[in-house]
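*Asks:* Have a look; sequence and predicted model below, questions after that.
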Amino acid sequence: MGWGELFAISSALVWALAVILFRRSGETLPAFELNLFKNFFGLILLIPTILLVNGFALPGYSPTELFLVFLSGLLGIAVADTWYLKALNMMGASRTGIVSSLFSPFVIFLSAIFLGERLVTWQWLGFMLVMSGVLLVTWRSHRSVVDTADVKKGAMYGVGAVFMMAAGVVMVKEILETQPFLWTVELRIAGGICGMLVYMLLTSQWQSVKRNFSQPQPWGTVMFASFLGSYFALILWLLGYKLIDASVASVLNETNVAFIVFLAWLMLGEQINRRKMAGLALTVGGVIIMMSV
């Protein structure tokens, strides 16, 4: 196992822990405000990191590269992360974790189209297995403690979020390989924050956001989750994409599903019933097939 593979798997573990903490934070802080805070927190933490690693030298991005990095942040952070947190609040960590398994098939599909990475028959089979796992875990169950409407709506947000994340990372894959890594991460977060601020301006949500931030919140948990999710896991995640093929990195990222389901049971008391286990088994089976190609 090389460094790229190690970074990809490590990011999955760190992100899984962040998801559990975000789930707790989302009980009092709405998804949009939570996403805005974690991105600002990550942006600030990266400034001293960049100065330490790269010094004061400015990178030389072309206008096209800057546009793609900012667009990646807009799609993959402003939109995708907000939708992901909404899904997390609506249907719980374990269901959201399994829905996020669509990330790998989406990346493989988009990489085949835009990066020329080869999509083979076995990968399509893996895609179908992962999709089956997602459908199984979100299927209506009278025994579920989560409202059926919330599960369906959460699944829609989750699938949309994962597709946006996949599109965002594929469009900056080549830039990660040719431009300063930390600067690309920072500019990508900045693009996401700019998109969220514009949205707040257009929808007149400033007062609502300010009011939510002024209320008592579990700030210690929010800050630790933001450090893990918007700084540590993000760096590990993008390092994986920098060093190995996007399709391989995305498959290794799927290990976060097992981590999330286990941590949701351990830390949040979410049940692991037979249906979830079957969905998880199908998902893992699809990942193994993709890895064997």
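*Replies:* Yep, it's here.
*Asks:* surely V284 meets V257?
*Replies:* Yes: between V284 and V257 there is a contact at 7.5 Å, judged by CB atoms under 8 Å. In this view, the C-beta of every residue, glycine as well, is placed from N, C-alpha and C.
*Asks:* For the two, indicate the residue with more neighbours.
*Replies:* Between V284 and V257, counted using other CB atoms under 10 Å, the more crowded position is V257 (28 against 18).
*Asks:* Format the CA atom coordinates belonging to the helix or strand hosting that one as CSV.
*Replies:* For V257, the host element (DSSP states H and E) is helix 256-263. Output of helix 256-263 as CSV, limited to C-alpha atoms (Å, rounded to 0.1, in the frame of the first residue of the first chain):
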residue,chain,number,x,y,z
ASN,A,256,-16.0,5.4,5.4
VAL,A,257,-19.4,3.6,5.2
ALA,A,258,-18.3,0.8,7.5
PHE,A,259,-16.7,3.3,9.8
ILE,A,260,-19.8,5.5,10.0
VAL,A,261,-22.2,2.7,10.6
PHE,A,262,-20.0,1.3,13.4
LEU,A,263,-19.4,4.7,15.0
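*Asks:* name the helices or strands packed onto it?
*Replies:* Applying 3 or more CB pairs under 8 Å, 6 or more residues apart in numbering; DSSP states H and E, we find helix 256-263 packed against helix 3-25, helix 93-99, helix 274-292.
*Asks:* which outside residues touch it?
*Replies:* 11-13, 15-17, 19-20, 93-94, 96-98, 100-101, 272, 276, 280, 283-284 (CB atoms under 8 Å, 6 or more residues apart in numbering).
*Asks:* Mind doing that once more with 6 Å?
*Replies:* 12-13, 15-16, 19-20, 93-94, 97-98, 101, 280, 283 (CB atoms under 6 Å, 6 or more residues apart in numbering).
*Asks:* Show me the strands in this structure, by range?
*Replies:* With DSSP state E, there are no strands along the chain.
*Asks:* any low-confidence regions in it?
*Replies:* 1, 26-27, 118-119, 123, 131, 134-135, 137-146, 287, 290-293 (pLDDT under 70).
*Asks:* redo that, cut-off 50
*Replies:* Scanning the chain for pLDDT under 50 picks out 142-143.
*Asks:* Which residues belonging to stretch 43-62 are considered buried?
*Replies:* 43, 45-46, 50, 61 (16 or more other CB atoms under 10 Å).
*Asks:* same question, stretch 183-194
*Replies:* Applying a neighbour-count criterion of 16+ other CB under 10 Å, one finds 183-193 buried in stretch 183-194.
*Asks:* Same list (those) but as TSV, adding distance to A87.
*Replies:* Formatted as TSV, the buried residues of stretch 183-194 follow (distance: CB to CB, whole Å):
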residue	distance to A87
W183	30
T184	27
V185	24
E186	27
L187	26
R188	22
I189	21
A190	25
G191	22
G192	17
I193	21
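*Asks:* No further questions, thank you.
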